[in-house]
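In: compute the structure for the input listed below.
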Amino acid sequence: MRAKVSNVVVRQKSNLVHSAVDTLVVRGLRGRTLKVLVVEDKSEIAGCLAMVLGELGHEVVHATSVRKALETLGSSSFDAAVLDFELGGETSSAVVISLTRRGIPFIISSGRSAGDLPREFAGRPHLRKPYFLEELEEAVNSCRLRSDPSA
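Out: The predicted structure follows:
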């Protein structure tokens, strides 16, 4: 069974997520540890992402708003980021600009299709919610390669 990152999975994460993570580890998809900024306003989804990424060996820092994300980027370095597009009443466009200027690869996580996002998001890795855990791992691996081509 494939587990999806969504509110449903959060309620069932103890079995489904660990099973999916075990499958990913067995398949040898683990690589070097990344420090990942997760920008997500829904605590259930952020918790699920943090748990999965942590189980895959990554360090996760969570920001619930654009302001907190920008403050965190100003005080710490990151290898990658996973961004929700819509954060309450604002979008993560300012975070995208900051990440791009810093050369930090990122993944857009949104209920919108890639074509419905603003142009600053065009061509960026995009996961449409709900997505499979394997898709998240593949996207994080692409960030690893973009942040360190020798990985």
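
In: got the contact list for stretch 98-110?
Out: Residues from elsewhere that reach stretch 98-110 (C-beta atoms under 8 Å, 6 or more residues apart in numbering): 5, 37, 40, 49, 69-70, 73, 78-86, 92, 96, 114, 117, 120-121, 124-129, 131, 136, 139-140, 142-143, 146-147. (Glycine included, C-beta is placed from N, CA and C.)

In: let's see it at 6 Å
Out: With contacts defined as C-beta atoms under 6 Å, 6 or more residues apart in numbering, stretch 98-110 is touched by 70, 73, 78, 80-85, 121, 124-127, 139, 143, 146-147.

In: in strands only, show me the residues you listed.
Out: Mapping these onto strands (DSSP state E) picks out 80-84, 126-127.

In: tell me which of the residues you listed has the lowest pLDDT.
Out: Looking at the ones in strands among the contacts of stretch 98-110 by pLDDT, the weakest one is H126, with 88.

In: what's the burial count for it?
Out: For H126, the count of nearby residues is 19 (other C-beta atoms under 10 Å).

In: in contact with it, which residues?
Out: Taking C-beta under 6 Å, 6+ apart, one finds 108, 114 in contact with H126.

In: try 8 Å
Out: With C-beta under 8 Å, 6+ apart, H126 has these contacts: 107-110, 114, 117.

In: so which of these wins on neighbours?
Out: Busiest of those [other C-beta under 10 Å] is S109, holding 26 neighbours.

In: report the buried residues of stretch 99-115.
Out: Neighbour-count burial for stretch 99-115, counted by 16 or more other C-beta atoms under 10 Å, picks out 99, 104-110.

In: ditto for stretch 134-143
Out: Of all the residues in stretch 134-143, those buried under the rule 16+ other C-beta under 10 Å are 135-137, 139-141, 143.

In: same check, this time on stretch 39-56
Out: In terms of neighbour count (16+ other C-beta under 10 Å), stretch 39-56 has its buried residues at 39-42, 45-46, 48-53, 55-56.

In: that's all I had, so thanks and see you.
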